[in-house]
Each structure stands twice: as C-alpha cells, then as structure tokens.
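Student: Compute the structure for the input listed below.
(2 chains, ligands or ions: 2)
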Amino acid sequence: MNCEECGKRPATLHLTKIVNGEKTEYHICEHCAQEKGDVISGFDNFSIHNILSGLLNFDPMAKNSVGGSSNSQTATQKTLRCETCGLTYAQFSKSGRFGCSDCYRYFGDRLDPLFRRIHGNTNHIGKVPERTGGQLKIRKELEQLKTALQQYIKTEEFEKAAEIRDRIRALEKKMDQA
Amino acid sequence: MSVQQFMQNPWSNWMKGEGPDADIVISTRIRIARNLRHQPFPLLATDSQAEEVVHQVANASRSKAMSKAGPFELIMMDKLQPLEKRVLVEKHLISPNLAEESRKGGVLLSDDESISIMVNEEDHIRIQVLMPGFQLKEAWDIGSRIDDIFEKHVNYAFDETRGYLTSCPTNVGTGIRASVMLHLPALVMTQQISRILQAINQVGLVVRGIYGEGSEALGNLFQLSNQVTLGMSESDILSNLYSVAKQIVDQERVARRYLQENSSLALEDRICRSYGILLHARTVESKEAAQRLSDVRLGIDLGLIKNVTTFTINELLVMTQPGFLQRHAGQKLTPEQRDERRARLIRERLAAHSA
Ligand SMILES: [Zn+2]
Ligand SMILES: [Zn+2]
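Tutor: Ligands and ions are numbered 1, 2, ... in the order given. All right, here's what the predicted structure looks like:
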C-alpha cells in the first residue's frame, strides 16, 4: 500500500482513529509523518476534517428525497446561504467549517442532525460568558432560585423562602431594565 | 523571554516529569476555542480582518489581569523560519495547522511555556494550557480564568442554544478539548490495549496513537481526549475524562506489577537492552528511538534504571524530533543524517547522566 499523503513511498505508519465507534485509518509513510510533525503522537496533527467531511457528506434531507419527490427541498438546500459571510450550505458540507458565527443562525435547524451525530446533543449546557452571554446567565440563575423557593415552601422554611423571593424580584427587575 | 530562547531552549514546563501520576500520565492539556462575534472566522477572513483580530487579542493580553498569568510574548508566524515553526510544533506550543496554513496567525506564549494562546488558527482564539502529570482540574482553572479575562475585553461569539460558536462543528458548545498523554507500555506488552481502546470510545472519548507494523503504538504513547463538546458541561467533560484516564492508569499499574512478578527477567532484559542500545548506537531511526526511550522510561518507573530522570527522557523525545535536530545542527539534514545526529544526541545526554 502506498502513502496517502505523497502516494509515492510505501505506507509504514497506520494511524487509527475511532470516533463514536467508527474506525478511520490513515496510511502514510514515515517521511510524510515526520513532515507533519506527527512523530510524538497526538496533538491534532491529523485534521479532524478528514473524518468530518465523511460525516458531513450526508444530506439531512436525503431521507425524504428517496422518491425524488423533494426537489424543492433539495433546491433550498442548495441555495441556503449565510447572508453575513456568503458561505453556502453546500460549501459548508464540503469543508466542514463555518465561515462566521452567523452561519449557525442561517443554517439553523438543519444543523441538528449533524450535531446529534457528532455530539449526541444539540443544545449547550456549559459555561456562559459573563458579559456577552446576554440574559441567559440571569435566566439560569432565576430558574435555580425558583426551584429553591419551592423547596423552602415545601419544607416550610418561610424566612429563607422570603429571602429567595426578594432575590428573584430583584433579578426580574434587572431583566426588564436590560 | 526572547523568541530565540523559545526556539533554542528544549525545556518546557510539561516535560518536568513531575505532577500527580507522572509515571504514566506524561502531560495534561486543555484547549479552549473562542471566536469574536463580528469577525468572519479565519477560514474566510481577509488579511486586514485577521489583523484586526490579532490587534484585539493582543490588546486584551496586555491587560493588567493577564499580566498575572503572563508575561506573554506575541510571536507572529510570518516572522518565523519554517524550522522555527517546526520547533514550536514539536514542543506542542502550536499546532501544525497554525505553522503551515494560517495567514496572519500568531501565538501568545507565557514564559514557562505552560500557556500558549493561538490567534487565527482554525478559531480566532485557542487558549492552551499544558501541564506535567495528571492535572485536569488545575489546567482547566487556569484556562478558564484566561477565558474570563479575554471575555471582559472582546465580544465572544456565543449563542444561547449552541454555546460558544466555533469554526468546526466538532468544537461547538463548550469549545473545550481536554486531553491526557498516557505512557502505556505494560498494557501494550500484555496485549490488553486494544480491548481498552475499544471500550473507551463507547463513552464519548477518543484515543490517538501512531501505529507501526503490528499495531504497536509509537513509543507506547496514547492521547486520550473528549470527543463531545455540546450538551455536556465542562465539569462533566473533565470528570468523565478523569475517571476513564484514572482507570487506565490503574490498569497500567496492575499490568506492570504482573509483568514484574511473572516475567521479570524478560522485562529487565528488554529494558536494559534498550538502554544499552541508546547508550551505544551510532544511528537510530525516530521510530526505534521512541520505542527504546519508552523502555527506558519504564525502567525508570520500575526502579531498574536509577541514573536517568524522566525529565531527560521527555527532553529527548522532543530534542530528537526532526525540527529540533536540524535547529541544533543549524542546517537542513537528510533522514540519514538525522538518524546519526539523533543517536549522538541520545548517547551524549544519557552518558552525561550515567556517570
Ligand atoms: Zn508519503
Ligand atoms: Zn456566515
């Protein structure tokens, strides 16, 4: 077998990468591995995009188009484009990379099947930036406070409940003003 | 520290060979991907847009809060020779991608090289914290603090549903990639490694290693990292990785004990043989060097080799890479010349410590 990088020398290194149980193998020669700085294993040397384009080479709408009845859908798919940076959905599928942060908005729900395949999830539940996170941080805090409030009412700890109630009011006021 | 020193000094913080479980966990890395809201991602950015990003990031890095973590040195890629970039890659301070492909890319390096912040790599900002041994929580705390500081100065691309928005859909959400580099010679020798690797990717983690013929990983080094970044909180990602890595570390210890109890002569012979070869060989290919250094490292961990430190081994792993060898020689070298220089360098280093 010849090296997948240069196609000239015989492939002596075989890199296996397993993503969600799917095995991908690369076969390259030692020379190209060294060129890629890949002698100490790891550290993002082999681009994840090799694998990604495999993942992305599916059309989320393809399932519906088996009978050829969804030409219009495929057409929207083709013309779908981010108005901020101009990247089309087709280009995105090919490169596996977004052009700007607005692409997420323009491609919208169409991204859900992709995210589900990569992450098994579509919604973020981690860290929220203090300043640019908008009101999300406050809303999350409000949710937590309301749960706590119910708990205190249940256990009849009314003093603590009143304290929480005041904090909720203050936060709600802050949200209205924002 | 000057740019020249970064290049010439083979020493990086992560090579110390200290830290928790450092006999098996060589290093811990946290990478945090962030982007600016109103700038196209590096893929589509024009030169002037990319320069604007560098400008904003550099400004943020000069803030008072950052100087506590710093001082940082900004190094632009277009100011470096190919060989110099290569050295930064071999020291794990920048990605090959930044070295090769990025226009207007740069890196902010902390003095002890434990923090590197890549600018205009695949994402506008990639904060990387690299620490010796098994220190996931510590590395995340440092990285997250830097993230907070940046957030005060720049507008991050963040979405309530998708989280931190990244160039690549594999990083969206938390934007964090946490990884540990594991040295697992006993699990490889006892042929348990493939069973373990198969189990790992059931739980949202990925293992990378380079495989030679016979599926033996180069230098028995494996990098374990999280695959999922969306729908899991940072603490879940870290504790998931922690508990799996911890189990692997324990299994490696069991396998080492097993080998010592059941085939100590063969094990000792293999280790001492490798040590002997490294002490005397006149030419060594990188693959063999990695394997022999792995054996010697195991010998150190098992107390069989007493006059060499883990630090020396880590240092040699970096210094015997092509970029460093050529840097050291001050010229480009053919593979044959590299094999010769590699052997000499290893001989000299080991001899200096085995007086
Ligand atoms: Zn090749
Ligand atoms: Zn866009």
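
Student: B:Thr28: neighbour count?
Tutor: Residues near B:Thr28, counting by other CB atoms under 10 Å in any protein chain shown, number 28. (C-beta placed from N, C-alpha, C; glycine too.)

Student: cool, and B:Ala255?
Tutor: When neighbours are counted by other CB under 10 Å, B:Ala255 comes out with 20.

Student: Could you verify that it is part of a helix?
Tutor: Yes. Under DSSP: H, G, I helix; E, B strand; the rest coil, B:Ala255 falls within a helix.

Student: For it, list the residues it contacts.
Tutor: Contact analysis of B:Ala255 by CB atoms under 8 Å, 6 or more residues apart in numbering or on different chains lists B:Ala186, B:Leu187, B:Met189, B:Thr190, B:Gln192.

Student: Could you dump the residues you listed into CSV with secondary structure, pLDDT and neighbour count added?
Tutor: Below are the contacts of B:Ala255 laid out as CSV (DSSP: H, G, I helix; E, B strand; the rest coil; pLDDT from 0 to 100; neighbours: other CB atoms under 10 Å in any protein chain shown):
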residue, secondary structure, pLDDT, neighbour count
B:Ala186, helix, 94, 25
B:Leu187, helix, 92, 25
B:Met189, helix, 89, 21
B:Thr190, coil, 89, 17
B:Gln192, coil, 87, 17
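
Student: Now flag whichever of those residues is closest to B:Arg256.
Tutor: B:Ala186 (4.2 Å; CB to CB).

Student: Correct me if wrong: that closest one contacts B:Val249.
Tutor: No. Checked against CB atoms under 8 Å, the pair B:Ala186 and B:Val249 is beyond contact range at 11.2 Å.

Student: coming back round to it: put together a markdown table for the contacts of B:Ala255, with distance to B:Thr174 on each row.
Tutor: Listed next are the contacts of B:Ala255 as a markdown table, based on distance: CB to CB, whole Å:
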| residue | distance to B:Thr174 |
| --- | --- |
| B:Ala186 | 33 |
| B:Leu187 | 29 |
| B:Met189 | 36 |
| B:Thr190 | 35 |
| B:Gln192 | 32 |
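
Student: Could you export those as CSV, including distance to ligand 2?
Tutor: Listed next are the contacts of B:Ala255 as CSV, based on distance: CB to the ion, whole Å:
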residue, distance to ligand 2
B:Ala186, 49
B:Leu187, 45
B:Met189, 50
B:Thr190, 51
B:Gln192, 47
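
Student: Go ahead and confirm A:His124 touches B:Met232.
Tutor: No. Using CB under 8 Å, A:His124 is not in contact with B:Met232; the gap is 9.3 Å.

Student: Who has more neighbours out of these two?
Tutor: A:His124 (26 against 22).

Student: Chain neighbours aside, what residue packs nearest to the more buried one?
Tutor: Excluding the flanking residues, the one nearest A:His124 by CB to CB, 6 or more residues apart in numbering or on different chains is B:Gly163, at 2.8 Å.

Student: so that neighbour bridges to which residues?
Tutor: On the basis of DSSP bridges, B:Gly163 is bridged to B:Asp159.

Student: Please report the distance of B:Ala157 from B:Ser235.
Tutor: Note on B:Ala157: its distance to B:Ser235, by CB to CB, to the nearest Å, is 23 Å.

Student: neighbour count winner among the two?
Tutor: Neighbours per residue, other CB under 10 Å: of B:Ala157 and B:Ser235, the larger number sits with B:Ala157, 25 against 13.

Student: if I look at that one, how far off is B:Met118?
Tutor: 17 Å.

Student: Looking at the contacts of B:Ala255, which is nearest A:Val128?
Tutor: Comparing the contacts of B:Ala255 against A:Val128 with CB to CB picks out B:Leu187 as the nearest, at 39.3 Å.

Student: Just confirm that closest one contacts B:Gln251, I think it does.
Tutor: Yes. Using CB under 8 Å, B:Leu187 and B:Gln251 qualify as a contacting pair, with a distance of 6.3 Å.

Student: Need the overlap of contacts for these two.
Tutor: Common neighbours of B:Leu187 and B:Gln251 (CB under 8 Å, 6+ apart) are B:Ile196.

Student: Contacts only, for B:Met76.
Tutor: Counting by CB under 8 Å, 6+ apart, B:Met76 touches B:Val54, B:Lys104, B:Gly105, B:Gly106.

Student: Keep only those of these that are in strands.
Tutor: Applying DSSP state E to the contacts of B:Met76, the entries found in strands are B:Gly106.

Student: overlap in contacts of A:His124 and B:Met232?
Tutor: The contact lists of A:His124 and B:Met232 share B:Gly173, B:Thr174, where a contact means CB under 8 Å, 6+ apart.

Student: how close does whichever residue of chain B sits closest to ligand 1 get to B:Arg341?
Tutor: Nearest to ligand 1 in chain B, going by CB to the ion, is B:Pro335, at a distance of 12.5 Å. Between B:Pro335 and B:Arg341 the computed distance is 11 Å (CB to CB).

Student: For B:Ile200, which non-adjacent residue is spatially closest?
Tutor: B:Ile200 sits nearest to B:Val207 (CB to CB, 6+ apart), 5.5 Å away.
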